[in-house]
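# 3D model of this:
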Amino acid sequence: MIASFLRERFGVRTRRTRDMLTGGVSLSIAQAVSIALGIVTTGLLARYLNAKEFGLWALVMSLTGVVGATDLGFGNALRNKLSSLYAQGVSADEDARLYFLSIFAMFLGLAALLTIAGVVGRAFLPWPRIFNSTDPKILSAGARLFEIGIPFFTLTQAFGIGQMGFFSYQESHWNAVFGTASKALLLVLTLACVGLGAGIVPLNVAFLSGSLAASAAAFFVFVRRRGWTLTPPSLHTAARKARDLWAKSAEFILLQLAATVYVQADLFLVSGTVGLASVGDYVLVKKLYLLFGALQFSFLMPIWSAYTEAVESRDYAWTRTTMVRAAAASAAFFGLAILVMSFFGAGIIRLWTGKVVSGRALYVLLGTAFLLQGWSNSFSVFLNSVGRLRRQIGLAALAALLLVWLAPRLARAYGVDGVCLALILSALPAAVSNPIESFAFLREREREVSESPSPAKLMAAIE
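Model prediction:
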């Protein structure tokens, strides 16, 4: 339906562009719906559970979520490989199936190992210190939830490569369907548990089961759409395919770690330099900007695999045009976000939380930092798609170091606004470097094509 609308209304006829826009629009709509459903679900849990139980739930979800999100970088490496094989057509289909099932088997093995570690580790971890409580009920429930959460999260991650597959084959609209269905299912299960008066452990089991069910459903639908059998590859083949992806996987790990440190450091810097009382106000403004960031990524994710396929097909003109448009759209989107937040942000936060967060400078400066990061991300998606990660890793590490060094110094003079200034300054190197590297890569590839002999010249040389 979306594809037909784009074709008829805007004359979008290129399959790659049509699939990309269909996925981007679908994911953006799904993201907005998911955010709304997530707010309702979280609010319901906050009212149903007491303060300690809700805090325990949030902490355990965070701990097990870190375990489940550790994919060793193979998810993104697999995504690029499948996109490249997709560009080669039917002849590469069996190779794609083997890569897909090899990484799936590896993730299942990782899930088993982490589950065993969780069962064994439960008896040795200092739960009173972790949960800062001596309440036996809280400690027992927390340890049990941690033990249960690991297999659920790791299995959800394993089946989650189906979502990577949909991105690779430019069928991102299916991820929008399953993402929205997952949030809706979680809300239904939460309502059912609240209606039945379930305790915190069964409530979380239902919560985790819903996420796993949605992830597994996406996996099997993807495999069915490819027409693949689930016959597992041999151990030798699986090991060879995983080893083939390892080099890029390791680079993705480093990039993810550096980016995670950078994204999380500002909260600790605000607390350490300005005071804990200022963290609450800062994080509310940041959460609103993060919503804009989530919407941007929803639109950029389908472009990632489209870039890989376009470069593999040597369609550099399309790649360049799309990159310029994505960067311009990102800058305009965050520029609009700054305007909205500058004039209406305080009112939105007051309506949402009842808190008053004044000071327009905070909204403008933090928004400017997000604008620079959004601009960089629009090019980072391209660089990720072609495996150009090393400079990005260095820039992400540099950004984290600059932020940690600048924030305390600027905060002493300007308070929270100083931390925002540090965010802006630390984001500048990547904002300048990423577009330069992206266009340089394209020029290099275009030069290779222009210098390579054409079929006509080859025939003339042979004759």
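# Would you mind pulling the contact partners of stretch 263-282?
For stretch 263-282, contacts defined as Cβ atoms under 8 Å, 6 or more residues apart in numbering pick out 283, 286, 355, 357, 362, 366, 400, 403-404, 407-408, 411-412, 415-416, 418-419, 422-423. Any C-beta I mention is one placed from the backbone N, CA and C, and that applies to glycine too.
# Any idea how far that stretch is from the middle of the chain?
Its chain's C-alpha centre and that of stretch 263-282 lie 23 Å apart, by Cα atoms, centre = their mean, to the nearest Å.
# What of stretch 149-165?
Centre-to-centre, stretch 149-165 and its host chain are 14 Å apart (Cα atoms, centre = their mean).
# Could you turn the buried ones of the contacts of stretch 263-282 into a ChimeraX selection?
The ChimeraX selection below is limited to those of the contacts of stretch 263-282 classed as buried (16 or more other Cβ atoms under 10 Å):
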select :286,357,362,366,400,403,404,407,411,415,416,418,419,422,423
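# Which members of the contacts of stretch 263-282 occur in helices, if any?
Among the contacts of stretch 263-282, DSSP state H puts 283, 286, 362, 366, 400, 403-404, 407-408, 411-412, 416, 418-419, 422-423 in helices.
# least trustworthy position among those residues, going by pLDDT?
Here the lowest pLDDT out of those sits on Val283, with 77.
# all helices for the stretch 101-250 of the chain, in order.
Taking DSSP state H, counting those that start in this stretch as the criterion, the stretch 101-250 of the chain carries its helices at 127-131, 136-159, 161-168, 172-196, 200-226, 235-273.
# quick one, which of those helices is packed in tightest?
Mean neighbours per residue, mean count of other Cβ atoms under 10 Å, is largest over those for helix 161-168, with a mean of 26.
# for it, packing partners?
helix 74-87, helix 93-121, helix 172-196, helix 200-226, helix 276-312 (3 or more Cβ pairs under 8 Å, 6 or more residues apart in numbering; DSSP states H and E).
# Using JSON lines, lay out the ones you listed together with distance to Ser342.
Formatted as JSON lines, these follow (distance: least, Cβ to Cβ, whole Å):
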{"stretch": "helix 74-87", "distance to Ser342": "35"}
{"stretch": "helix 93-121", "distance to Ser342": "44"}
{"stretch": "helix 172-196", "distance to Ser342": "30"}
{"stretch": "helix 200-226", "distance to Ser342": "36"}
{"stretch": "helix 276-312", "distance to Ser342": "11"}
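# Among those, which comes closest to Leu21?
helix 276-312 (8.0 Å; Cβ to Cβ).
# how far out from the middle of the chain is the closest one?
That offset, for helix 276-312, works out to 8 Å (Cα atoms, centre = their mean).
# quick one, it and helix 161-168 angle?
In terms of direction (axes from the mean of the first three to the mean of the last three Cα atoms, to 10 degrees), helix 276-312 departs from helix 161-168 by 60 degrees.
# Next SSE downstream of helix 276-312?
Next in sequence after helix 276-312, counting helices and strands by DSSP states H and E, comes helix 316-353.
# Pull out the buried residues from that following helix.
Of the residues in helix 316-353, 316, 318-320, 322-323, 326-327, 329-330, 333-334, 337-338, 341, 345-346, 349 count as buried by neighbour count, 16+ other Cβ under 10 Å.
# ok, now stretch 102-122?
Neighbour-count burial for stretch 102-122, counted by 16+ other Cβ under 10 Å, picks out Ser102, Ile103, Phe104, Ala105, Met106, Phe107, Leu110, Ala111, Leu114, Thr115, Gly118.
# same thing with stretch 92-100?
Applying 16+ other Cβ under 10 Å to stretch 92-100 flags Ala96, Arg97, Leu98, Tyr99, Phe100 as buried.
# coming back round to it: which among the buried residues of stretch 102-122 gets closest to Trp174?
Phe104 (17.4 Å).
# Surely that closest one and Ala158 touch.
Yes - judged on Cβ atoms under 8 Å, Phe104 makes contact with Ala158 at a distance of 6.1 Å.
# so Gly149 makes contact with Val205?
No - taking Cβ under 8 Å as the definition, Gly149 is not a contact partner of Val205, at 9.3 Å.
# closest to Pro233 out of the helices and strands packed on helix 161-168?
That would be helix 93-121 among the helices and strands packed on helix 161-168, by Cβ to Cβ, at 5.1 Å.
# for the closest one, packing partners?
Using 3+ Cβ pairs under 8 Å, 6+ apart: helix 93-121 touches helix 74-87, helix 136-159, helix 161-168, helix 200-226, helix 235-273.
# That helix - what's its average pLDDT?
For helix 93-121, the per-residue pLDDT values average out at 91.
# do the same with stretch 432-439
Taken as a whole, stretch 432-439 carries a mean pLDDT of 96.
# Going by neighbour count, which residues of that stretch are buried?
Result for stretch 432-439 [16+ other Cβ under 10 Å]: buried residues Ser433, Asn434, Pro435, Glu437, Ser438.
# Pull up the gap between the residue nearest the centre of the chain and Ile303, please.
In the chain, the residue lying closest to the centroid (Cα atoms, centre = their mean) is Phe297, at 7.6 Å. Applying Cβ to Cβ, to the nearest Å, the value for Phe297 to Ile303 is 10 Å.
# Next: Gln256.
19 Å.
# tell me the contacts of Gly418?
Thr273, Ala407, Arg409, Leu410, Ala411, Arg412.
# between those residues, which is closest to Ala30?
Distances from Ala30 to the contacts of Gly418, taken by Cβ to Cβ, are shortest for Ala407, at 35.1 Å.
# The closest one is in contact with Val419, isn't it?
Yes - between Ala407 and Val419 there is a contact under Cβ under 8 Å: 4.8 Å.
# for Arg388, phi and psi?
Torsion angles at Arg388 (phi, psi; degrees, to the nearest 10) stand at phi -90, psi 90.
# residues in contact with it?
Glu437, Phe441.
# quick one: pLDDT of it?
With respect to pLDDT, Arg388 scores 90.
# what's the spacing between it and Ala430?
In this view, Arg388 and Ala430 are 13 Å apart by Cβ to Cβ.
# Quick one: residues contacting the residue nearest to the centre of the chain.
Going by Cβ under 8 Å, 6+ apart, Phe297 touches Asn377.
# Look up the pLDDT of it for me, please.
Note for Phe297: predicted pLDDT of 84.
# thinking Gln392 is in contact with Gln256, fair?
No - the criterion here is Cβ under 8 Å, and Gln392 misses it with Gln256 at 10.8 Å.
# State the next helix or strand along the chain beyond the helix or strand of the chain with the lowest mean pLDDT.
Of all helical and strand segments in the chain, the minimum by mean pLDDT, DSSP states H and E falls on helix 2-10, at a mean of 46. Counting by DSSP H and E, the element after helix 2-10 in chain order, helix or strand, is helix 15-48.
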